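> I'd like to go over a predicted model; first the sequence, then the structure.
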Amino acid sequence: MKFGWINAFGALVVTLMLIPNIVYALKNKGEKNLCNNRFMNIIEQVGRYACIVLMWLPLMIQEFGFSSVSGMLIYFAGNICLLAAYWIIFACYMKEKNAKRTMALAALPAVIFVMSGLLLRHLLLVIFSALFAVGHIYVTVKNQAAMQKQ
C-alpha cells in the first residue's frame with residue numbers, strides 16, 4: 001500500500017496528538033518552560049515541527065509506502081494503540097500530575113514518530129524524531145526537576 005504524496009492518516013495522528021496539548025495550553029496559560037538550556041530547547045522545537053510536517057508530507061522520498069502488508073498493519077495498529085495510550089495518560093495527567101505520567105507523555109510522541117518513520121521507510125522522519133526524542137525528554141526532565149524545586 002502506498003499513500004502517494006500526502007499521508008492523511010499521518011496528518012490525523014498529528015492532529016490527534018495536538019488536541020490534548022492545545023487543551024492543556026489553554027487551561028495552563030501561565031506555565032513556562034523552565035529549561036534554561038537553549039540548545040536543547042532548539043533541538044526539541046526543530047525536531048517537533050519537522051516531525052509534525054514529515055508525518056504527512058514525504059519530503060526527500062517519492063511517496064509513502066510499506067515494505068509489506070504486516071508493516072502497514074503494524075503502522076496503523078501501533079499508531080492507534082499509542083495514541084489511545086497518550087490520550088488516556090493525558091486524561092489521568094490532567095487529574096493528577098506526577099513524574100511517571102509526565103515522562104510517558106514526553107516519550108509517547110517520540111515513539112509514534114520513530115515507529116512511523118521506520119515503518120514508512122522515511123529516513124528524514126526517523127532522524128528528526130530522534131532529535132525530538134532527545135530534546136523533548138531532556139527538556140521535560142529539566143522542567144520536572146525545576147518544578148520540584150519550587
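Arrived safely. Every value quoted in this text rests on a predicted model; they were computed, and no experiment measured them.
> so where's this structure shaky on pLDDT?
By pLDDT under 70, the weakly predicted segments of the chain are 1-5, 62-64.
> 80 instead?
1-6, 58-65, 150 (pLDDT under 80).
> which residue ranges of it form helices?
Along the chain, counting by DSSP state H, helices occupy 8-27, 38-54, 69-95, 99-119, 123-149.
> nearest to I61, out of these?
Ranking the helices of the chain by proximity to I61 (Cβ to Cβ) places helix 123-149 first, at 7.6 Å. C-betas here are computed from N, CA, C, even on glycine.
> can you give me the first-to-last residue distance of stretch 27-42?
25 Å (Cα to Cα, to the nearest Å).
> what would the helices of the chain look like in TSV with mean neighbour count and distance to I61?
What follows is the helices of the chain, written out as TSV (neighbours: other Cβ atoms under 10 Å; distance: least, Cβ to Cβ, whole Å):
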stretch	mean neighbour count	distance to I61
helix 8-27	15	13
helix 38-54	18	10
helix 69-95	15	15
helix 99-119	19	11
helix 123-149	18	8
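> who are the contact partners of L108?
When the contact criterion is Cβ atoms under 8 Å, 6 or more residues apart in numbering, the partners of L108 are L82, A85, Y86, I89.
> repeat that for G135.
In this structure, G135 makes contact with M40, N41, I42, I43, E44, Q45, V46, G47, R48, judged by Cβ under 8 Å, 6+ apart.
> ok, 7 Å please
Neighbour list for G135: M40, I43, E44, G47 [criterion: Cβ atoms under 7 Å, 6 or more residues apart in numbering].
> V126 too?
V114, G117, L118.
> distance of it relative to A91?
Here the distance between V126 and A91 works out to 29 Å (Cβ to Cβ, to the nearest Å).
> same question for S68.
Here the criterion is Cβ to Cβ. By it, S68 lies 34 Å from A91.
> try V141
Remark: distance between V141 and A91 (Cβ to Cβ) = 23 Å.
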